[in-house]
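Colleague: requesting a structural model of the entry that follows:
(one chain, ligands or ions: 2)
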Amino acid sequence: MDWSLFMEEFIRGLPKVELHLHIEGALEPELIFALAERNGMTLDFPDVAALKSAYAFSDLQSFLDLYYSNMQVLLTEEDFFDLTLSYFARVARDNVMHCELFFDPQAHLARGVPIATQLAGIERGCQEALRRFGITSHVILSFLRDMSEESALETLEVALAHRHRFIGVGLDSAERDHPPEKFVRAFARARQEGLRLVAHAGEEGPHHYISAALDELGVERIDHGVRCVESPALMSLLAERGTPLTVCPLSNLYLKVFGQMSEHSLPRMLEAGIKVTLNSDDPAYFGGYMNDNFLAVQEAFGFGRGTWIELSRNAIEASFAEPTRKREMHDALSRYVG
Ligand SMILES: Nc1ncnc2[nH]cnc12
Ligand SMILES: [Zn+2]
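Modeller: Residues are numbered from 1 along each chain as shown. Ligands and ions are numbered 1, 2, ... in the order given. Prediction:
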């Protein structure tokens with residue numbers, strides 16, 4: 001068989017772990033219309049095709065505007081359940097074994113949807129995914145960095161009534177001019193509660209936001225982090241500490257962080273020995289799910305089996321999965337690669 005076809009089959013079948021997925025970013029246009037109809041809402045777009053034609057982004061903010069607008073159809077526990085299960089049903093086909101998904105509680109609280117409703121629907125979707133597909137998961141509560149730290153702290157206090165339903169906190173939304181330092185108290189409070197800590201940094205924002213997320217917030221993983229290549233000292237530090245980066249290649253392309261996939265910093269980060277993982281971010285908006293991301297990378301860089309095995313191991317190790325689940329995933333990977 002042709003080498004590139006062989007590699008494509010190999011990559012499609014790899015057991016996968018997704019560590020950077022906004023569940024609201026898995027809201028497909030068809031589901032937006034179905035939920036709007038169920039909830040008696042009228043959308044700004046006449047049909048799916050018209051909505052899809054608006055999916056052309058110039059930067060992070062232009063995407064976020066549509067993303068927050070579309071998620072207004074999420075009102076009931078059932079809506080969050082349907083969204084969550086639709087994501088898992090889709091990635092079961094990509095051989096995803098484990099996922100750690102973000103949700104943006106402040107965006108839903110703003111239109112009166114209680115955190116209890118959001119979490120109940122997401123949790124039920126996760127449980128059903130385990131039952132139907134054997135996919136394990138954890139939920140990460142993400143603070144919106146373009147809102148105040150007071151709002152993040154209030155949201156966390158409300159969410160702590162459901163402490164057992166999420167494993168950690170993250171930081172997302174518009175990065176420019178919203179440095180990690182703004183959230184020192186919110187992350188300290190989360191740490192006090194034994195929550196795991198991650199943050200988006202160095203996506204659109206400067207590389208020193210990555211250092212600040214590590215030093216000021218004490219995060220364990222950096223989401224994106226692709227601009228670390230602008231600082232050789234930071235790259236060495238990330239490699240030395242073994243800090244995982246959850247990189248989202250198609251997202252970076254769609255939000256114009258890189259002009260073309262061939263310009264992506266992924267090979268430079270791997271070369272530097274950084275623990276990179278590959279993920280989809282907002283798959284309904286950025287041209288696809290896990291396998292689409294993996295194959296777009298392969299088309300640009302033509303990696304060999306060794307690099308794919310390294311990326312897969314990194315994701316298992318960087319996950320917050322229980323040790324026994326990590327062992328199962330390592331075993332599945334070992335059986336697959338032979
Ligand atoms: N790529 C991204 N960056 C920051 N915030 C987000 N929220 C959803 N997707 C995001
Ligand atoms: Zn993200």
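Colleague: need the pLDDT of the residue of the chain found nearest ligand 1.
Modeller: Across the chain, no residue is closer to ligand 1 than Asp172, which sits at 3.5 Å (CB to the nearest ligand atom). For every residue, glycine as well, the C-beta is placed using N, CA and C. The model reports Asp172 with a pLDDT of 98.
Colleague: wasn't Met97 part of a strand?
Modeller: Yes - assessed with DSSP: H, G, I helix; E, B strand; the rest coil, Met97 lies in a strand.
Colleague: for the stretch 201-338 of the chain, which segments are assigned as helices?
Modeller: Per DSSP state H, counting those that start in this stretch, the stretch 201-338 of the chain carries helices over the ranges 208-212, 232-241, 249-254, 266-271, 290-301, 305-318, 323-337.
Colleague: pLDDT on the second one, on average?
Modeller: Helix 232-241 shows an average pLDDT of 98 in the prediction.
Colleague: that one packs against which elements?
Modeller: The contact analysis (3 or more CB pairs under 8 Å, 6 or more residues apart in numbering; DSSP states H and E) places helix 232-241 against helix 208-212.
Colleague: where exactly do the strands run in the protein?
Modeller: Here the chain has its strands, by DSSP state E, at 16-22, 96-103, 136-144, 168-172, 196-201, 221-224, 245-247, 276-278.
Colleague: let's have those strands in CSV, adding mean neighbour count.
Modeller: Output for the strands of the chain, formatted as CSV (neighbours: other CB atoms under 10 Å):
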stretch, mean neighbour count
strand 16-22, 28
strand 96-103, 26
strand 136-144, 24
strand 168-172, 26
strand 196-201, 26
strand 221-224, 27
strand 245-247, 28
strand 276-278, 25
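Colleague: measure stretch 166-182 end to end?
Modeller: One end of stretch 166-182 to the other measures 23 Å (CA to CA, to the nearest Å).
Colleague: list the buried residues for that stretch?
Modeller: Neighbour-count burial for stretch 166-182, counted by 16 or more other CB atoms under 10 Å, picks out 166-175, 178-180, 182.
Colleague: repeat for stretch 185-204
Modeller: Across stretch 185-204, burial judged by 16+ other CB under 10 Å covers 186-187, 189-191, 195-204.
Colleague: that one near ligand 1 at all?
Modeller: Yes - Stretch 185-204 reaches ligand 1 (CB under 6 Å from any ligand atom) through His200, Glu203.
Colleague: could I have the CA atoms of that stretch written out in PDB?
Modeller: The C-alpha coordinates for stretch 185-204 follow below in PDB (Å, rounded to 0.1, in the frame of the first residue of the first chain):
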ATOM      1  CA  ARG A 185      -7.300  34.800  43.400                       C
ATOM      2  CA  ALA A 186      -9.700  32.700  41.400                       C
ATOM      3  CA  PHE A 187      -7.100  30.100  40.700                       C
ATOM      4  CA  ALA A 188      -5.800  30.100  44.200                       C
ATOM      5  CA  ARG A 189      -9.300  29.500  45.500                       C
ATOM      6  CA  ALA A 190      -9.700  26.600  43.000                       C
ATOM      7  CA  ARG A 191      -6.400  25.100  44.100                       C
ATOM      8  CA  GLN A 192      -7.600  25.300  47.800                       C
ATOM      9  CA  GLU A 193     -10.500  23.100  46.700                       C
ATOM     10  CA  GLY A 194      -8.200  20.500  45.200                       C
ATOM     11  CA  LEU A 195      -9.200  21.300  41.600                       C
ATOM     12  CA  ARG A 196      -6.900  20.700  38.700                       C
ATOM     13  CA  LEU A 197      -5.700  23.900  36.900                       C
ATOM     14  CA  VAL A 198      -5.300  24.700  33.200                       C
ATOM     15  CA  ALA A 199      -5.400  27.900  31.200                       C
ATOM     16  CA  HIS A 200      -5.500  29.000  27.600                       C
ATOM     17  CA  ALA A 201      -2.300  31.000  27.000                       C
ATOM     18  CA  GLY A 202      -0.200  32.000  24.000                       C
ATOM     19  CA  GLU A 203      -2.900  31.400  21.400                       C
ATOM     20  CA  GLU A 204      -3.300  35.000  20.200                       C
END
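Colleague: all good on my end, thank you.
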